[in-house]
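Trainee: Okay, predicted coordinates and the sequence, questions at the end:
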Amino acid sequence: VVPCHKSADIPLSIKATQLASKVDTIIIMSGDSDYVELVMHLKSEGVRVEIAAVQETTAKILIDEADHFHPITKEDWFVYTAQKRLTRKRTTTGKSA
């Protein structure tokens, strides 16, 4: 889980509001209490709102306001490790032009 920049909440809120009439459920992956008003607004538009976040760092008011809370635990974490590319060795023929 990588924290987002503080200013990410405004574009996310705008996009979620734009999508409200087109979706049944929106899942917000944040525990920030700044999203409480967005959750309330989306619910008033008939959207089911779920929160997925680390419980210990999630605002209680956000958990209470959401339709469902998905606690993210260490077992949910994953690490992406890119595979090394195979490189071909260049060979020289030793011939001169």
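Mentor: Great, that's in hand.
Trainee: Now do the end-to-end distance for stretch 15-35.
Mentor: The first residue of stretch 15-35 is 13 Å away from its last residue (Cα to Cα, to the nearest Å).
Trainee: Quick check: buried residues in that stretch?
Mentor: Within stretch 15-35, the residues scored as buried using 16 or more other Cβ atoms under 10 Å are Ala16, Ala20, Ile26, Ile28, Ser30, Gly31, Asp32, Tyr35. The way it works is simple: take the backbone N, C-alpha and C, and place the C-beta from them, glycine included.
Trainee: Tell me the one among the residues you listed nearest to Lys74.
Mentor: For the buried residues of stretch 15-35, the minimum distance to Lys74 (Cβ to Cβ) is 15.4 Å, reached by Gly31.
Trainee: Tell me where the model's unsure across this protein.
Mentor: 1-7, 87, 89-97 (pLDDT under 70).
Trainee: Go again with 90.
Mentor: By pLDDT under 90, the weakly predicted segments of the chain are 1-11, 74-97.
Trainee: Going along the chain, name the helices of it.
Mentor: Secondary structure of the chain (DSSP state H): helices at 9-19, 36-44, 60-65.
Trainee: Between these, which one is closest to Pro71.
Mentor: Pro71 lies closest to helix 60-65 among the helices of the chain, at 9.1 Å (Cβ to Cβ).
Trainee: For that closest one, give me every contacting residue.
Mentor: In this structure, residues lying in contact with helix 60-65 by Cβ atoms under 8 Å, 6 or more residues apart in numbering are 31-33, 35-36, 39-40, 43, 49, 51, 53, 55, 69.
Trainee: Swap in 6 Å and give it another go.
Mentor: Ser33, Val36, Val39, Ile51, Phe69 (Cβ atoms under 6 Å, 6 or more residues apart in numbering).
Trainee: got the helices of the chain as TSV, with distance to Leu86 columns?
Mentor: Putting these into TSV (distance: least, Cβ to Cβ, whole Å) gives the following:
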stretch	distance to Leu86
helix 9-19	39
helix 36-44	46
helix 60-65	46
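Trainee: one step back: could I get the contacts of helix 60-65 as a markdown table with distance to Ile10?
Mentor: Written out in a markdown table, the entries for the contacts of helix 60-65 read as follows (distance: Cβ to Cβ, whole Å):
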| residue | distance to Ile10 |
| --- | --- |
| Ser33 | 15 |
| Val36 | 15 |
| Val39 | 15 |
| Ile51 | 18 |
| Phe69 | 23 |
